[in-house]
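Peer 1: Provided below are the primary sequence and the corresponding predicted coordinates.
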Amino acid sequence: MPQIGPLEIAVVLLVALLVFGPNRMPELARQAGRAMRELRRIQQNLRADLHEFVADEPTGAAPAPTLPPKADGGGDEPEEGTGIAEPEEDPSDPPPPVGA
């Protein structure tokens, strides 16, 4: 892969100066710097996430079992200690009729 040397950088800067002018060059340099910082930050976050994902080893403990729903659908309250939460009521549902 070819290396970029000082001559190539000078040519690129000269072309950019001719195309954009001396007034916009500082603004473009700031934007390029911000973009590079953002790309490096994203790269570091991805590396850290990938490292955590690869480094996580199973502990050997079995995951907590989940209980299937009851066939009769009975019971308003979940069994004690199952960790199964009842779904919240939708406030847009109309209330049940009185006396039913």
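Peer 2: Nice, thanks for sending it over.
Peer 1: packing partners for the regular element (helix or strand) spanning residue 53?
Peer 2: Per DSSP states H and E, residue 53 falls inside helix 25-55. For helix 25-55, the elements it packs on are helix 6-20, judged by 3 or more CB pairs under 8 Å, 6 or more residues apart in numbering; DSSP states H and E. Quick note: C-beta positions are derived from backbone N, CA and C, even for glycine.
Peer 1: tilt between the helix holding residue 53 and helix 6-20?
Peer 2: Following axes from the mean of the first three to the mean of the last three CA atoms, to 10 degrees, one obtains 120 degrees for the angle between helix 25-55 and helix 6-20.
Peer 1: residue ranges with poor pLDDT in this protein?
Peer 2: 1, 57-65, 67, 70-95, 99-100 (pLDDT under 70).
Peer 1: how deep is residue 25 tucked in, by neighbour count?
Peer 2: 14 (other CB atoms under 10 Å).
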